[in-house]
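**Q** The following comprises the amino acid sequence and a computationally predicted model.
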Amino acid sequence: MGRLTTLSEWLNWQENLHDEEIDLGLERIQTVCSKLFPNGVDFTTITVAGTNGKGSTIAFIDSIYQQSSYSVAKFTSPHILDYNERFVINGARATSAQICAAFEQIEQVRGATSLTYFEFSTLAALLIFTQQDVDIAILEIGLGGRLDSVNVVDADIAVITNIAIDHVDYLGATRALIGHEKAGIMRRNKPCICGDSNPPLALKKHADKIGAMLEFVDLPYSGALSLIGEHQRQNAALAVLCIEKLNNKFKVNPQLIRQGLQNAQLAGRFQIKNINHKQIIFDVAHNEAAIKALAKQLAKDNQPTLAIFSALKDKNIALMINAISPLIDQWHLVPLKVRRAAEIAFLIDQFSLKDSISAYDNMALAVNEALNQQTCQRIVVFGSFHVVADGLKTLDTFYKQQS
């Protein structure tokens with residue numbers, strides 16, 4: 001390869017380095033990680049897996065530690081608007097220069113080992129957090145758990161938010177199979193906490209087999225929260241229990257915990273913007289369980305609603321639509337510019353004849369039409385991270401044109 005100098009050059013190169021976009025397994029990343037960190041990482045790690053709620057739970061934990069004197073970092077994926085969102089230290093994103101320097105270090109030791117885009121980002125996170133001398137790093141599992149690249153790190157505490165049907169091509173089609181994959185982040189003699197209200201037996205079986213200390217959240221958090229939705233109370237309770245499990249090493253008083261839960265912010269989770277006297281809600285709900293939670297929140301103020309929607313082809317799109325269709329009066333379908341995107345014709349086929357649907361060539365046309373129609377004062381943009389990202393960028397452009 002030629003000399004790579006910018007972040008976009010590095011990312012473009014990484015996207016084409018490995019044959020498969022998603023290629024689960026720890027052998028490749030373990031080979032490179034052992035060269036970069038022969039003695040392991042020297043910060044305390046919290047690894048977070050789960051079908052939904054990972055981002056919110058991490059946001060709560062991160063916000064709580066930010067109220068304290070400890071240095072805290074979080075690695076999350078995917079990003080919404082900016083790749084740098086994946087690496088945050090004490091509330092500030094890593095710079096492109098820091099990320100490129102980490103990529104350079106990885107490339108120097110990688111040798112003949114081919115790494116995926118996500119494996120590069122995982123190793124970059126560990127390097128950046130080491131260089132920034134953080135006390136605690138919260139690491140989000142990208143897909144599953146057992147074979148996800150983040151699992152290359154032996155977590156001091158494992159967090160499993162919940163288990164629902166998603167990514168069946170990679171994880172299996174039952175909660176038992178998916179639960180087994182997520183249980184893979186547990187470690188012997190280390191705590192694992194779970195927020196699922198009806199956990200599959202696979203979790204307890206695996207914990208007993210390896211000697212992990214598994215505990216379940218019993219009650220949702222009842223105090224004030226910044227993030228909207230009843231499901232966030234379970235995520236907040238999980239965050240609080242996680243903090244308590246590390247209290248011997250990183251003590252945080254109850255007042256700072258409450259403050260952290262009230263201050264947490266996270267883009268794309270029932271994120272509300274108002275324009276042209278219309279309320280626009282952005283939510284990254286991209287599977288049936290997440291969309292049910294979104295529908296429950298929308299139903300609290302049942303009013304004519306227009307949806308701007310798209311999804312990836314490996315999702316059960318019909319179930320996603322059915323979970324929310326009673327609350328949607330009009331559907332605007334848009335294409336996604338990613339390899340795994342569902343074709344518009346396929347999306348249309350997932351709707352029933354009674355649904356009012358319109359297809360658009362791009363997000364800008366769909367947003368413009370939605371803002372100018374008079375029937376629905378509420379617009380919800382959902383279906384995947386890509387839809388929300390495209391919608392937020394488009395609305396930002398619209399704002400600039402109006403100002």
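**A** On my side now, so go ahead. Only a predicted model underlies this, so the values are computations on that prediction, with no experimental measurement involved. Residues are numbered from 1 along each chain as shown.
**Q** Can you pull out the residues in contact with whichever strand or helix holds Thr397?
**A** For Thr397, the host element (DSSP states H and E) is helix 385-402. Helix 385-402 is contacted from outside by 78, 80-81, 267-268, 273, 275, 280, 282-284, 286, 308-312, 334, 336-338, 341, 363-364, 367-368, 371, 381-382, using C-beta atoms under 8 Å, 6 or more residues apart in numbering. To be clear about C-beta, it is placed using only N, CA and C from the backbone, and glycine gets the same treatment.
**Q** now with 7 Å?
**A** 78, 80-81, 268, 273, 275, 280, 282, 284, 286, 308-310, 336, 338, 363-364, 367, 381 (C-beta atoms under 7 Å, 6 or more residues apart in numbering).
**Q** go on, stretch 103-123?
**A** Residues contacting stretch 103-123 (C-beta under 7 Å, 6+ apart): 10, 14-15, 17-18, 23, 28-29, 31-33, 35-36, 77, 86, 124, 127, 142, 149-150.
**Q** So how do I select the buried members of the contacts of helix 385-402 in PyMOL?
**A** The buried residues among these can be selected in PyMOL (16 or more other C-beta atoms under 10 Å) with this line:
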select buried, resi 78+80+268+273+280+282+284+286+308+309+310+336+363+364+367+381
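**Q** Now, the contacts of helix 385-402 that are in strands?
**A** 273, 275, 280, 282, 308-309, 381 (DSSP state E).
**Q** In a markdown table: the residues you listed, plus distance to Asp135.
**A** A markdown table is the format used below for the ones in strands among the contacts of helix 385-402 (distance: C-beta to C-beta, whole Å):
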| residue | distance to Asp135 |
| --- | --- |
| Lys273 | 35 |
| Ile275 | 41 |
| Ile280 | 38 |
| Phe282 | 32 |
| Ile308 | 41 |
| Phe309 | 41 |
| Val381 | 37 |
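**Q** from those, which two are the most distant?
**A** Across these, the longest distance by C-beta to C-beta is 19.0 Å; it joins Ile275 and Phe309.
**Q** In which helix or strand does Leu126 reside?
**A** With DSSP H and E as criterion, Leu126 is part of helix 117-131.
**Q** For Phe216, list each beta-bridge partner.
**A** Beta-bridge partners for Phe216, by DSSP bridges, are Cys194.
**Q** Am I right that it is in contact with Pro191?
**A** No. Taking C-beta atoms under 7 Å as the definition, Phe216 is not a contact partner of Pro191, at 11.7 Å.
**Q** When those two are compared, which one has more neighbours?
**A** Pro191 (20 against 16; other C-beta atoms under 10 Å).
**Q** separation between that one and Leu261?
**A** The gap separating Pro191 from Leu261 is 20 Å, by C-beta to C-beta, to the nearest Å.
**Q** now Ser325
**A** Ser325 is 33 Å from Leu261, by C-beta to C-beta.
**Q** The two: which has the busier surroundings?
**A** Leu261 (27 against 17).
**Q** I'd like to check which residues are in contact with the more buried one.
**A** So Leu261 contacts 60, 64, 221, 223, 225, 236 (C-beta under 7 Å, 6+ apart).
**Q** Now the buried members of those residues.
**A** 60, 64, 221, 225, 236.
**Q** In helices only, show me those.
**A** Counting by DSSP state H, the part of the buried ones among the contacts of Leu261 found in helices is 60, 64, 236.
**Q** Let me have these in a markdown table, adding pLDDT and distance to Leu115 as columns.
**A** Below are those laid out as a markdown table (pLDDT from 0 to 100; distance: C-beta to C-beta, whole Å):
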| residue | pLDDT | distance to Leu115 |
| --- | --- | --- |
| Phe60 | 98 | 31 |
| Ile64 | 98 | 33 |
| Ala236 | 98 | 35 |
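**Q** between the residues you listed, which is closest to Phe43?
**A** Ile64 (16.7 Å).
**Q** Can you say which helix or strand has the closest residue to that closest one other than its chain neighbours in it?
**A** Of all residues not flanking Ile64 in the chain, Gly260 sits nearest, at 3.1 Å (C-beta to C-beta, 6 or more residues apart in numbering). In the assignment (DSSP H and E), Gly260 maps to helix 254-263.
**Q** Please point out which parts of that helix sit buried.
**A** 256-261.
**Q** Same question for stretch 87-101.
**A** Quick answer for stretch 87-101 (16+ other C-beta under 10 Å): 87-89, 93-94, 98-100.
**Q** from the residues you listed, which ones fall inside strands?
**A** Those of those lying in strands (DSSP E): 87-89, 93.
**Q** And the furthest pair within those?
**A** Of all pairs in these, the most separated under C-beta to C-beta is Ile89 and Arg93 at 8.1 Å.
**Q** still on that earlier bit, out of the contacts of stretch 103-123, which sit inside strands?
**A** Among the contacts of stretch 103-123, no member falls in strands (DSSP E).
**Q** Quick check: chain neighbours aside, which residue is closest to Asp283?
**A** Phe382 (4.6 Å).
**Q** measure the one you found to Gln297 for me?
**A** 11 Å.
**Q** out of the two, which sits in the more crowded spot?
**A** Phe382 (25 against 19).
**Q** And the pLDDT for the more buried one?
**A** pLDDT, the model's per-residue confidence, is 98 for Phe382.
**Q** Check Tyr399 too.
**A** pLDDT, read off for Tyr399, is 68.
**Q** cool, Met1 as well?
**A** pLDDT, Met1: 62.
**Q** And for Leu24?
**A** So Leu24 comes in at 82 (pLDDT).
**Q** Pretty sure it sits against Ser149.
**A** No. Counting by C-beta under 7 Å, Ser149 is not a contact partner of Leu24; they are 8.4 Å apart.
**Q** can I get the contacts of Leu261 in TSV with distance to Asp42?
**A** As requested, the contacts of Leu261 are arranged in TSV below (distance: C-beta to C-beta, whole Å):
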residue	distance to Asp42
Phe60	25
Ile64	22
Tyr221	32
Gly223	34
Leu225	33
Ala236	29
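**Q** worst-scoring helix or strand of this protein, pLDDT-wise?
**A** None of the helices or strands of the chain scores lower by mean pLDDT, DSSP states H and E than helix 168-171, at a mean of 69.
**Q** mind listing the strands for the stretch 151-300 of the chain?
**A** 157-160, 191-194, 213-216, 271-275, 278-283 (DSSP state E, counting those that start in this stretch).
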